[in-house]
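> Mind folding the following:
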Amino acid sequence: MIEYMHVYCKVECPYCKDAISLLEEEKKDFVVTVIDHCKAFEDGIKKELNFKTVPIILRCLSSGNVEMIGGYTELRSFIQKEKEEK
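Down below sits the predicted model:
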């Protein structure tokens, strides 16, 4: 199954930078959407996903399903759990 992470982030956010670094270290496929320049989009995505901070990380599957991971802390936990299950 093909999967990738979609990271909504802000350029100067340290947790966003940490999330991207972790995904690179773990050799995960990911895309980044920088939301610094569109407050309406930022407010909309936060409301839609019921998440108040960035980064906002989603797991996207080839089936079209999307799973909310959360922020950086939740991403670390998700990756750790994946490792334990292997």
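> CA atoms for contacts and neighbours, from now on please.
Will do.
> what sits against the residue nearest the centre of the chain?
Nearest residue to the geometric centre of the chain (CA atoms, centre = their mean): residue 57, 1.7 Å. Counting by CA atoms under 8 Å, 6 or more residues apart in numbering, residue 57 touches 5, 6, 7, 8, 68, 69, 70, 71, 72, 75.
> so what's residue 53 up against?
Shown in contact with residue 53 (CA under 8 Å, 6+ apart): 46, 71.
> Mind telling me what element it is part of?
Under the criterion DSSP states H and E, no helix or strand holds residue 53.
> same question, residue 58
strand 56-61.
> Run me through the strand neighbours of the helix or strand following that strand, direction for each.
Going down the chain from strand 56-61, the next helix or strand is strand 66-70, by DSSP H and E. For strand 66-70, the pairing partners within the sheet under DSSP bridges are strand 56-61 (antiparallel).
> List the beta-bridge partners for residue 57.
In this entry, residue 57 is beta-bridged to residue 7, residue 70, by DSSP bridges.
> By neighbour count, which of the contacts of residue 57 wins?
residue 7 (25 neighbours; other CA atoms under 10 Å).
> that older thread, just the pLDDT for the residue nearest to the centre of the chain.
pLDDT recorded at residue 57 is 98.
> buried sites along stretch 35-50?
For stretch 35-50, burial by neighbour count (16 or more other CA atoms under 10 Å) applies to 35, 42, 45, 46.
> which element is the last one on?
Counting by DSSP H and E, the secondary-structure element that holds residue 46 is helix 39-49.
> can you give me the angle that helix makes with strand 66-70?
Between helix 39-49 and strand 66-70, the angle comes out at 100 degrees (axes from the mean of the first three to the mean of the last three CA atoms, to 10 degrees).
> avg pLDDT for helix 39-49?
Mean predicted lDDT for helix 39-49 stands at 96.
> tell me, which helix in the protein spans the most residues?
Using DSSP state H to define each element, the chain has its longest helix at helix 72-85.
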